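Peer 1: Have a look; sequence and predicted model below, questions after that.
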Amino acid sequence: MAASDQAELTIDLAALAANYKTMQKNAGKAEASAVVKANGYGLGMAEIAPTLFDIGCQSFWVAQLNEGIALRTILPKAKIYVLNGLPSGTAAQFEAHDLRPCLITLAQVEEWQNYCQTNKPLPACLFVDSGFNRLGFGEIEIAELIARPGIFGGWELCLIASHLACADDRTHPMNGAQLERFRNALAVLPPAPASLANSGGTMLGADYHFDMIRTGTMLYGCSATANEKDALSPIASLRAPLLQIRQLSAGDSIGYGATFTASGETTIGIASLGYGDGLSRYFGNQSPSPMRFTIDGHPVSLLGRISMDSLAIDLTNLPQMPSVGDMVEIFGNDNPIDRLAQQGSTISYELLTSLGNRYNRIYI
C-alpha cells in the first residue's frame, strides 16, 4: 500500500449510536433530540444524522436555514428545528422543506402567523430567553406577546424552548434561576411541549428535562463539563502521519518566528497537519507549549508554532523511535479531546467544528 501524507479523521458511528442511547436513557420520559448543526459538529451531518434517525431519533436541530434544507434531503421524515429564527421573507422556504423555525421576535411571530393564515397552519417553536441574553423572548417581550389577542391563532405552537448558559457547571446558581424563569414563561404562554436541557442540562436531573432534551456535545464523545472523565465514548480520532524525522543540536530553532530553541540534542518529527486543517495556530504560540499529542499512547510535546500544513513534535524521550509514516494521534482514545482542549484553553466543541476538509475521513 502506498504511503500517504494525508491526516486521517476516523468517526465511529457505532459509538455515536451508543452515546445517543445513553442520552436517551438519561432523558427519562423526555424525547431525546439531536443537535447536528455546523455539519454535525464538524464530523459530517450526512453520515451522523441517518445513523441517529435509524436508531430512533425523530427530532433534529440546526442553526441556519441552509443547514435545515440540506438536512431535509438526508432525512425526509424527521422533525427539523432551525435555531436562528425566521429570516424575513423565508416562510415559504420553511414550508417547502417542512422545517420548523424557532421564532425569536414578535415580528417573526407575526410574519409566520400571516403566512400560515394565508396558506395553512404550520408548526413553529417559540424560543424563550431565560437569562442567556442571546436569542428569544425575554420577560418584557413575552408580556408584549401574550397581550396580543389572537397572536397564536392560525399556526401550531409545537414547542417552547430555551437554552441554559451554565449547564457545564452543575453547581452554578444560573441553572436554577433559568429553570424558574422558564417555568414562569410556560405558566403564561399557551400549553405546548417544552425543551430546556442541552447535554449538560440533561445531567442536571429530571427537573430540567421537560418534554424534550437537545443533546449535542455528549453525542460526539465530548464532555458537557469540560472534564474528560464525564465524557461518553469517543467517536472521533484525528491522526497525522510523520513526514520527516530530524536531529537538532543545541541552539537550533524550529518554525516561524523561531519561538522554540533546542537546549541540547533533540529529535523532532514533522507531522502532516496544521492550522489549514483546523488546529489553531494559537496552540503553538507558547514556549514551551502545553499541548500534548500521542504516539502509540506515549505523550509528545508540540514544539514551536503550527504552520498551515505541518507541526513539529518532540520525539527525544520516546521508548521506541517511530518511523516516517507512523501516526501521531492529535486526539482520540489515547489523547481525549477534552484534555487537548483544556491544554489549548478552548473547548472540545471548537476543536470539532474547526475540522477542515483535507482529512481522509473514515466512517466505521
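Peer 2: That came through fine.

Peer 1: where exactly do the helices run in the stretch 251-364 of the chain?
Peer 2: 337-343, 348-353 (DSSP state H, counting those that start in this stretch).

Peer 1: closest one to Val62 among those?
Peer 2: helix 348-353 (13.0 Å; C-beta to C-beta). To be clear about C-beta, it is placed using only N, CA and C from the backbone, and glycine gets the same treatment.

Peer 1: residue ranges with poor pLDDT in the protein?
Peer 2: 1-2 (pLDDT under 70).

Peer 1: mind redoing it with 50?
Peer 2: Within the chain, not a single segment meets pLDDT under 50.

Peer 1: ok so, going back, could I get the helices of the stretch 251-364 of the chain as TSV with mean neighbour count?
Peer 2: Formatted as TSV, those follow (neighbours: other C-beta atoms under 10 Å):
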stretch	mean neighbour count
helix 337-343	21
helix 348-353	21
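
Peer 1: right, and those - which one's nearest Glu265?
Peer 2: helix 337-343 (26.0 Å).

Peer 1: who does the helix ranked longest in the chain touch, helix- and strand-wise?
Peer 2: Longest helix in the chain by number of residues (criterion: DSSP state H): helix 173-188. Helix 173-188 sits against helix 139-146, with contacts defined as 3 or more C-beta pairs under 8 Å, 6 or more residues apart in numbering; DSSP states H and E.

Peer 1: Only the buried residues of the helix it packs on, if you could.
Peer 2: Applying a neighbour-count criterion of 16 or more other C-beta atoms under 10 Å, one finds 141-142, 145 buried in helix 139-146.

Peer 1: CA atoms of the helix or strand following that helix as PDB?
Peer 2: Using DSSP states H and E, the helix or strand that follows helix 139-146 towards the C-terminus is strand 156-161. What follows is strand 156-161 as a C-alpha-only set of coordinates in PDB (Å, rounded to 0.1, in the frame of the first residue of the first chain):
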ATOM      1  CA  GLU A 156     -49.200  25.500  15.500                       C
ATOM      2  CA  LEU A 157     -47.100  26.200  18.600                       C
ATOM      3  CA  CYS A 158     -45.400  22.800  18.600                       C
ATOM      4  CA  LEU A 159     -42.700  23.600  21.200                       C
ATOM      5  CA  ILE A 160     -41.500  26.200  23.700                       C
ATOM      6  CA  ALA A 161     -37.700  26.100  24.200                       C
END
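
Peer 1: tell me the angle of strand 156-161 relative to helix 173-188?
Peer 2: Interaxial angle of strand 156-161 relative to helix 173-188 (axes from the mean of the first three to the mean of the last three C-alpha atoms, to 10 degrees): 160 degrees.

Peer 1: Spell out the residue ranges of the strands in the stretch 51-200 of the chain.
Peer 2: Taking DSSP state E, counting those that start in this stretch as the test, the strands found in the stretch 51-200 of the chain are 59-62, 79-82, 100-103, 123-127, 156-161, 194-195.

Peer 1: that older thread, in JSON lines: the helices of the stretch 251-364 of the chain, plus distance to Lys77.
Peer 2: Output for the helices of the stretch 251-364 of the chain, formatted as JSON lines (distance: least, C-beta to C-beta, whole Å):
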{"stretch": "helix 337-343", "distance to Lys77": "32"}
{"stretch": "helix 348-353", "distance to Lys77": "27"}
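
Peer 1: For Thr267, find the nearest of those.
Peer 2: helix 337-343 (22.0 Å).

Peer 1: what comes into contact with that closest one?
Peer 2: 221-223, 226-228, 231, 234, 236, 283, 290-293, 330-331, 347-348, 350-352 (C-beta atoms under 8 Å, 6 or more residues apart in numbering).

Peer 1: Ok, stretch 170-188 next?
Peer 2: With C-beta under 8 Å, 6+ apart, stretch 170-188 has contacts from 128, 130-132, 137, 139, 142, 146, 160, 162, 164-167, 169, 194, 196, 200-201, 203-204, 207-208, 225.

Peer 1: what about Met45, distance to Gly56?
Peer 2: 18 Å (C-beta to C-beta, to the nearest Å).

Peer 1: same deal with Thr259?
Peer 2: When Thr259 is compared with Gly56 (using C-beta to C-beta), they lie 50 Å apart.

Peer 1: more crowded one of the two?
Peer 2: Thr259 (17 against 12; other C-beta atoms under 10 Å).

Peer 1: ok, back up a step: what would I type in PyMOL if I wanted to highlight the buried members of the contacts of helix 337-343 and nothing else?
Peer 2: A single PyMOL command selects the buried members of the contacts of helix 337-343 (16+ other C-beta under 10 Å):
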select buried, resi 221+222+223+226+228+231+234+236+283+291+292+293+330+331+347+348+351+352
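
Peer 1: So which of the contacts of helix 337-343 sit within strands?
Peer 2: 236, 292-293, 330-331 (DSSP state E).

Peer 1: Switch those over to CSV; also include distance to Leu303.
Peer 2: Formatted as CSV, the ones in strands among the contacts of helix 337-343 follow (distance: C-beta to C-beta, whole Å):
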residue, distance to Leu303
Ala236, 25
Arg292, 11
Phe293, 11
Ile330, 15
Phe331, 18
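
Peer 1: now for those residues, which pair is the farthest apart?
Peer 2: Top of the distance list for the ones in strands among the contacts of helix 337-343 (C-beta to C-beta): Ala236 and Arg292, 17.6 Å.

Peer 1: According to the record, where do the domains of this structure fall?
Peer 2: Using automatic domain parsing, the domain parsing of the chain gives 13-222, 236-335.

Peer 1: can you put those domains in a markdown table and add distance to Ala7?
Peer 2: What follows is the domains of the chain, written out as a markdown table (distance: least, C-beta to C-beta, whole Å):
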| stretch | distance to Ala7 |
| --- | --- |
| domain 13-222 | 14 |
| domain 236-335 | 4 |
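
Peer 1: If anything else comes up later, I'll come back, but that's it for now.
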